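Chemist: Quick one: sequence and predicted model below, then my questions.
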Amino acid sequence: MATESSTQVPEASSCKFIGCSIKALPEDQWISAAEEACVENPANAPESQMLYQATDEVISPQHLALLTSKYWGKSGVRLTVSFLDDPEVLLRTRILSHMNAWAAFANVQFTEVPSSGQVRISREVDGYWSYLGTDIKSIRRNRATMNLESFSMDTPELEFKRVIRHETGHTLGFPHEHMRPEIVDQIDRKAAIDYFGRTQGWTPDQVIAQVLTPLNNAQIIRIGEADEESIMCYSLPAEIMEDNVAVLGGMDINASDGELAGRVYPLKDKNLV
Ligand SMILES: [Zn+2]
């Protein structure tokens, strides 16, 4: 689904383009968080079939934890949301409305509460990020689970769609689509490390973690090939791609995102509710 045009790459616009990073828990929490994820949704456990295929080596608990998905239960997602910095009511409502855009496709609902929500949003100058799915349960209640750098009512509507729907996708447990092996294979590693170091201030290790480490088979649940226009896919400029063709990245929840979300969190039959 690559296209030939690279004109829509947001970096080319006059505003600063901020990339997203999935926040990882500290290593000493990996195993407990993986156990929690499997209690929440047993399907999060790494597939035994895949483990047999792996090797004869003993897979460490730490490694197993990394292979564990972080989706919520199949019965749907009901999460409360609060803000750590008391933004105006119009902004809070607008952010919630974009989080709930996923509800058109899946059984998910985000509800604002005055404080101590399960999802806690900050707007620090720290980029855009979220923890992944059930990992948010391991974050202390006074700490953010999602950061929307400097979001305000002046932020363009396109950014509300692109960023908030994307970060909410992480909160629902969806990883980055650009980490699919077929896309990672096309990235020039050195150029990527230079590019994200220059534009995002990321260290080489951060670039490796956020852009250059392909998802394993257990983490890929989207049907078919990588979707470069998924809301969960970064835009990647032509200069870091081996074939010199930009990956456009998603600007909104698209049909395949909706199908995936509806499969993970099936909508209830309205006639039965
Ligand atoms: Zn992201």
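Modeler: Arrived safely.
Chemist: I'd like to know how many residues surround I223.
Modeler: Using other CB atoms under 10 Å, I223 is surrounded by 10 other residues. Glycine gets a C-beta too; all of them are placed from N, C-alpha and C.
Chemist: show me the contacts for it.
Modeler: 256, 259-260 (CB atoms under 8 Å, 6 or more residues apart in numbering).
Chemist: the strands in the protein, which residues?
Modeler: Assigned by DSSP state E, the chain shows strands spanning 20-23, 77-83, 108-112, 119-122, 128-131, 146-148.
Chemist: D205: which of those is closest?
Modeler: strand 20-23 (11.6 Å; CB to CB).
Chemist: Partner strands of the closest one and their direction?
Modeler: strand 128-131 (parallel) (DSSP bridges).
Chemist: sorry, back to before: out of the strands of the chain, which one sits most buried?
Modeler: The highest mean neighbour count among these, using mean count of other CB atoms under 10 Å, belongs to strand 146-148: a mean of 25.
Chemist: any idea how far that one is from the chain center?
Modeler: Chain-centre distance of strand 146-148: 12 Å, with CA atoms, centre = their mean, to the nearest Å.
Chemist: who's in contact with that strand?
Modeler: With CB under 8 Å, 6+ apart as the test, strand 146-148 has contacts from 95, 119-124, 126-131, 163-164, 167-168, 170-171.
Chemist: again, only using 10 Å
Modeler: 18, 20-21, 23, 81, 83-84, 87, 91, 95, 99, 119-131, 136, 155, 159-160, 163-164, 167-168, 170-171 (CB atoms under 10 Å, 6 or more residues apart in numbering).
Chemist: show me what contacts F105?
Modeler: Contact analysis of F105 by CB under 10 Å, 6+ apart lists 253, 255, 257-265, 267.
Chemist: do that again at 8 Å, thanks
Modeler: 253, 257-259, 261-262, 267.
Chemist: between the residues you listed, which is closest to F196?
Modeler: Among the contacts of F105, D257 lies closest to F196 (CB to CB), at 23.8 Å.
Chemist: what's the closest of the strands of the chain to N244?
Modeler: Counting by CB to CB, N244 lies closest to strand 20-23 out of the strands of the chain; the figure is 23.8 Å.
Chemist: Could you list the residues in contact with that closest one?
Modeler: Under CB under 8 Å, 6+ apart, the answer for strand 20-23 is 127-132, 135, 163, 166-167, 170, 175-176, 202, 206, 209-210, 234.
Chemist: How far off centre is that strand?
Modeler: Worked out by CA atoms, centre = their mean, strand 20-23 lies 7 Å from the chain centre.
Chemist: could you list every residue that touches W72?
Modeler: Contacts for W72 (CB under 8 Å, 6+ apart) come out as 40-41, 133-134, 172-173, 265.
Chemist: Skipping adjacent residues, who's closest to the residue nearest the centre of the chain in space?
Modeler: Residue closest to the average C-alpha location in the chain (CA atoms, centre = their mean): H170, at 3.0 Å. Among residues not flanking H170 along the chain, S130 sits closest, at 3.9 Å (CB to CB, 6 or more residues apart in numbering).
Chemist: Distance-wise, check the residue nearest to the centre of the chain relative to A45.
Modeler: The gap separating H170 from A45 is 20 Å, by CB to CB, to the nearest Å.
Chemist: just for this protein, where's the confidence low?
Modeler: 1-17, 48-58, 269-273 (pLDDT under 70).
Chemist: Just the closest of the contacts of W72 to E149, please.
Modeler: Set against E149, the nearest of these by CB to CB is L172 (20.7 Å).
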